[in-house]
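J.: Below are the sequence and a predicted model for it; my questions follow.
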Amino acid sequence: MVKIEAILQPSKLDAVKEALLEAGIEGMTILEARGHGRQKGHTEFYRGNEYTVDLLPKIKIEMFVKDDLKDKAVEAILATARTGRIGDGKIFISHIDEAIRIRNDERGESVL
Amino acid sequence: MSRCGIKLLFLSALLAIPAMAMAQPTAAATQAQIAALQQAVDANKIAAAAAQSAADNAWMLVSAALVLLMTGPGLALFYGGLVRKKNILGTMMQSFAMMGLVTILWAVAGYSLAFGHGNWFIGGFEHLFLRGVSLTPNADYAATIPEQTFMIYQLMFAIITPALITGAFAERMKFSAMAIFLSLWSLVVYCPMAHMVWGSDGFLSLNNVHAPLPSLDFAGGTVVHITSGVSALVCCLYLGKRIGYPHTKMQPHSMVLSFIGACMLWVGWFGFNAGSALNAGPLATSAFINTHFAAAAAAVGWSIAEWIHNGKPTALGAISGAVAGLVAITPASGFVQPFSALAIGLAAGLFCFFMVFMVKKFFGYDDSLDAFGVHGAGGTLGALLTGLFATSAINAAFGKNAAGSPNPTGAMDGHWGQLLNQSAGVGFAWSISIVGTLLLLLLVDKLVGLRVAPEDEARGLDLSQHDEEGYDLNS
């Protein structure tokens, strides 16, 4: 089992979600987030006062998938979320030790 | 009586006369005809006066409502959008509180102090508790509308003026201190200034034929905008900066709200300026057009200045410019030609841009929402330019000479002395605002303290002053 966390441009959410569903991913959690990486921010002016906005709106997708779906999920995200410019986001993958379904105490990969 | 009824009456009187004349051409009959005709003419006069009164009153009641709309929701939205979201209710409540408090004060004493007979500087107590303020006109001010209409119309000005000040001390003043300070301010600064400039015996007033320094202020450049703007400057200097200013990010939380508010101010200003004609005649049209022209020119002026200076025009710049133009045209609106209004607006847009972008930054005061930079600066500029552009072709404010031609009003008419009168008006407005505001701030500071505690400022006025939040999108 792996956890895939992807941070995306908000405008790419719909395309990524559809591609993931097509790839066979059945569940995901989507968070509206703010943050920045190397993109840093931009400058805004209000009556001459300059403000640097360094936390930008982002979307974070979290999903837990079986090992054999990992590559397909990553490919789906790469194919749909990329614009080629700074700020496209990142994907992080980590191993999951256990998954438990609360409803019936079921455990293991079958929970996913 | 309807217009149709009047016509019928007149027509029947005219028809009756020759008919009677043919039947009985005697002296007695002629007398009767003349009497009937006289009666018809008299009835016609009364009907015409009633019709004019009804028309004027309709416009003035609408104008009064428009001016109230400027405070709530207009100004409340404009200011509310410009603060951080933790302060939106606190900011809107400051404007709304004036709608309640000043109304009560106005009924009790304010109207009397502003428009009762008194001396050069302040009205007397004749209208305390609105005594004698009836549904018949008060010819000192407006001969065709009920005095109560005049009273409620002027109340709306008394409400918005202190509300404008709240922009200077936004995000950091206690609600209690604000309520006491602005209530007292309306009696100590606003009412005397209104009396001096508009009262029937004020020494700057056009309504006083013996005024030594008749200052032209059609709708409140000195009375409303200089008093509020200069008092705002005193407030922000006395209270000090918001914690973290100017290094912490304090950007407007909703330009959309501010945008809606500013557009409401623009529309409401038609009631403010065109209503100040106090009737529905051509002078109201002149003020209406001038108001609109100045707002448009100032929005363009500020935007161009910002475009050149910062590389991009902003929505906040455009609406701030419009408000600056509306402020500057206020004293001039019933005295100048439309193209003068365009010039005044353009000048105001550029000047207020300069005050907000350069002067404020240079001195470093935290006039949080630019009440001084827009209202104080724009009001002063407008009051002076009124003396320059005023013309008797629009408004023969100084009556007519022996030959029957109107006396010149402003410098463009050849009356350069008016610039001196305008300066006197401006000087007194600045003086009473500085002295009055400073004394009241000292008093209220002693009584309850002006500023919220630092932790309350950090939490925001909504929670710390009202125990509620403007936005709870999870509920």
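T.: Structure received. Numbering: from 1, shown residues only, chains lettered A, B, ... in the order given.
J.: switch to C-alpha atoms for all contacts and neighbour counts from now on
T.: Fine.
J.: Count the neighbours of B:A429 for me.
T.: B:A429 has 29 neighbouring residues, counting by other CA atoms under 10 Å in any protein chain shown.
J.: From chain A, how far out is it?
T.: Using CA to the nearest CA, to the nearest Å, we find B:A429 at a distance of 27 Å from chain A.
J.: what comes up buried for the helix or strand harbouring that residue?
T.: Following DSSP states H and E, one finds B:A429 within helix B:417-447. In terms of neighbour count (16 or more other CA atoms under 10 Å in any protein chain shown), helix B:417-447 has its buried residues at B:418-419, B:421-426, B:428-430, B:432-434, B:436-437, B:440-441, B:444.
J.: Against which helices or strands is the next helix or strand after it packed?
T.: For helix B:417-447, the succeeding helix or strand toward the C-terminus, using DSSP H and E, is helix B:454-459. Judged by 3 or more CA pairs under 8 Å, 6 or more residues apart in numbering or on different chains; DSSP states H and E, helix B:454-459 has no packing partners among the helices and strands.
J.: Show me which parts of helix B:454-459 are buried, residue by residue.
T.: Neighbour counts over helix B:454-459 (16+ other CA under 10 Å) mark B:456-458 as buried.
J.: do you know how far the nearest residue to B:M173 once chain neighbours are set aside is from chain A?
T.: Closest residue in space to B:M173, ignoring its immediate chain neighbours: B:R451 at 4.6 Å, by CA to CA, 6 or more residues apart in numbering or on different chains. Distance, B:R451 to chain A, using CA to the nearest CA: 24 Å.
J.: do B:L233 as well
T.: The gap separating B:L233 from chain A is 17 Å, by CA to the nearest CA.
J.: Likewise for B:F157?
T.: As for B:F157, its distance to chain A is 27 Å (criterion: CA to the nearest CA).
J.: my guess is that residue meets B:V67, correct?
T.: Yes: counting by CA atoms under 8 Å, B:V67 is a contact partner of B:F157 at 7.1 Å.
J.: Return every residue with contacts to both of these two.
T.: Common neighbours of B:F157 and B:V67, using CA atoms under 8 Å, 6 or more residues apart in numbering or on different chains, are B:F272.
J.: can you tell me if the strand or helix carrying B:A324 touches chain A.
T.: Assigned by DSSP H and E, B:A324 belongs to helix B:315-329. Yes: using CA under 8 Å from any CA of the partner chain, we find that helix B:315-329 touches chain A at B:316-317.
J.: Give the other helices and strands that that helix contacts.
T.: Against helix B:315-329 (3+ CA pairs under 8 Å, 6+ apart) you get helix B:255-273, helix B:282-310, helix B:338-354, helix B:377-389.
J.: pull the longest helix from the chain.
T.: You didn't pick a chain, so chain A it is. For chain A, the longest helix by residue count, based on DSSP state H, is helix A:70-81.
J.: other chain: chain B
T.: From DSSP H, the single longest helix across chain B is helix B:27-69.
J.: Between helix B:282-310 and that one, find me the angle.
T.: Interaxial angle, helix B:27-69 versus helix B:282-310 (axes from the mean of the first three to the mean of the last three CA atoms, to 10 degrees): 20 degrees.
J.: Against which helices or strands is helix B:27-69 packed?
T.: Counting contacts by 3+ CA pairs under 8 Å, 6+ apart, helix B:27-69 packs against helix B:3-23, helix B:147-165, helix B:255-273.
J.: Pull out the buried positions in the second one.
T.: Applying a neighbour-count criterion of 16+ other CA under 10 Å, one finds B:147-165 buried in helix B:147-165.
J.: who's in contact with it?
T.: Defining contact as CA under 8 Å, 6+ apart, one finds that helix B:147-165 is touched by B:57, B:60-61, B:63-64, B:67-68, B:70-71, B:75, B:94-95, B:98-99, B:102-103, B:106, B:111, B:133-138, B:142, B:182, B:185-186, B:190, B:224-225, B:227-229, B:231-232, B:272, B:278, B:371.
J.: what angle sits between it and helix B:255-273?
T.: 140 degrees.
J.: Export only the CA atoms of helix B:147-165, formatted as PDB.
T.: What follows is helix B:147-165, C-alpha atoms only, in PDB (Å, rounded to 0.1, in the frame of the first residue of the first chain):
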ATOM      1  CA  GLU B 147     -39.500  71.800   7.500                       C
ATOM      2  CA  GLN B 148     -39.500  68.200   8.700                       C
ATOM      3  CA  THR B 149     -38.400  67.100   5.300                       C
ATOM      4  CA  PHE B 150     -35.500  69.600   5.500                       C
ATOM      5  CA  MET B 151     -34.700  68.400   9.000                       C
ATOM      6  CA  ILE B 152     -34.600  64.700   8.000                       C
ATOM      7  CA  TYR B 153     -32.600  65.500   4.900                       C
ATOM      8  CA  GLN B 154     -30.000  67.400   6.900                       C
ATOM      9  CA  LEU B 155     -29.900  64.500   9.500                       C
ATOM     10  CA  MET B 156     -28.600  62.200   6.800                       C
ATOM     11  CA  PHE B 157     -25.600  64.500   6.300                       C
ATOM     12  CA  ALA B 158     -25.000  64.500  10.100                       C
ATOM     13  CA  ILE B 159     -25.000  60.700  10.000                       C
ATOM     14  CA  ILE B 160     -22.500  60.200   7.200                       C
ATOM     15  CA  THR B 161     -20.000  62.800   8.400                       C
ATOM     16  CA  PRO B 162     -18.800  61.100  11.600                       C
ATOM     17  CA  ALA B 163     -19.100  57.800   9.800                       C
ATOM     18  CA  LEU B 164     -16.500  58.900   7.300                       C
ATOM     19  CA  ILE B 165     -14.000  59.500  10.200                       C
END
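J.: Now the helix or strand following it: average pLDDT?
T.: Downstream of helix B:147-165, the next assigned helix or strand under DSSP H and E is helix B:175-185. Across helix B:175-185, the average pLDDT comes to 98.
J.: by contact count, what packs against the helix or strand containing A:I59?
T.: In this structure, A:I59 sits in strand A:56-65 according to DSSP H and E. Secondary-structure packing of strand A:56-65 (3+ CA pairs under 8 Å, 6+ apart): strand A:2-8, strand A:29-35.
J.: Need the distance between the two termini of stretch B:129-145.
T.: End-to-end distance for stretch B:129-145, by CA to CA, to the nearest Å: 20 Å.
J.: Correction: the previous question concerned stretch B:233-248.
T.: 21 Å.
J.: Next: stretch A:7-16.
T.: Note: stretch A:7-16 ends 11 Å apart using CA to CA.
J.: With stretch B:403-414 instead?
T.: Chord length of stretch B:403-414, first to last residue, is 17 Å (CA to CA).
J.: who touches that stretch?
T.: Residues contacting stretch B:403-414 (CA under 8 Å, 6+ apart): B:386-392, B:396-401, B:415-419.
J.: Give me the spatial nearest neighbour of the residue in the stretch 1-150 of chain B that chain A sits nearest to, chain neighbours excluded.
T.: Sorted by distance to chain A under CA to the nearest CA, the residues of the stretch 1-150 of chain B start with B:L82, at 9.4 Å. Nearest non-adjacent residue to B:L82, counting by CA to CA, 6+ apart: B:P252, 4.0 Å away.
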